[in-house]
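Asker: Structure for this input, please:
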Amino acid sequence: MDRRSFMLSLSAAGAAMMLPQAAEAATWVKLGTRKVNGLIDRDRISIGASWGWFDKIRLHVRGNNLWIYDLDIRFGNGAKQDVGVRAFIPQGGHTRTIDLVGGERFIKSVSFTYGKFPNGNGPTYVEVWGRR
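Answerer: So this is what the prediction gives:
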């Protein structure tokens, strides 16, 4: 193998390693947002079938730090999935990626129990993101 062929194959292999990361980033879709108020409370974000089918979700937090205790995911076919998150999410952070049991399907709603840390920075928002 001459030097030109070797360099071309090396650069192609490097570019191929970068493709999955770009494809991964493009698959996450914001499904809904909810402004959370109470110090310890439960809220729900309605989603619906119009968003399509998903196999993973995660919650993003904006505004203040938040404890996310539990999630209750309801699906269009009436099934549900309860997930114990029990994680501290800093402002700008997100929960771990949660696999939806049963493969891809559409999400009717996501309810979550949380504890808010008021720090004077204004309101706190929770966003649900889904991955196709």
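
Asker: going forward, measure contacts and count neighbours with C-alpha atoms only.
Answerer: OK.

Asker: Name the residue closest to the centre of the protein, please.
Answerer: The chain has residue 58 as the residue nearest its centroid, 2.2 Å off, counting by C-alpha atoms, centre = their mean.

Asker: Might one say that that residue is in contact with residue 128?
Answerer: Yes: if you go by C-alpha atoms under 8 Å, residue 58 and residue 128 touch, sitting 6.0 Å apart.

Asker: returning to what we had before: now the residue nearest to the centre of the chain: how far from residue 122?
Answerer: 23 Å (C-alpha to C-alpha, to the nearest Å).

Asker: List the buried residues in stretch 37-57.
Answerer: By neighbour count on 16 or more other C-alpha atoms under 10 Å, the buried set for stretch 37-57 is 42-45, 47-48, 53-57.

Asker: Which strand or helix spans residue 101?
Answerer: Under the criterion DSSP states H and E, no helix or strand holds residue 101.

Asker: and it, what pLDDT?
Answerer: Looking at residue 101, its pLDDT is 89.

Asker: That one: neighbour count?
Answerer: 12 (other C-alpha atoms under 10 Å).

Asker: ok, now the one 4 residues further on?
Answerer: Burial measure for residue 105: 18 neighbouring residues, criterion other C-alpha under 10 Å.

Asker: That one bridge partners, please.
Answerer: In this entry, residue 105 is beta-bridged to residue 54, by DSSP bridges.

Asker: so who does it touch?
Answerer: Listed by C-alpha atoms under 8 Å, 6 or more residues apart in numbering, the contact set of residue 105 reads 52-55, 75-76.

Asker: do the same with residue 121
Answerer: With contacts defined as C-alpha under 8 Å, 6+ apart, residue 121 is in contact with 63-64.
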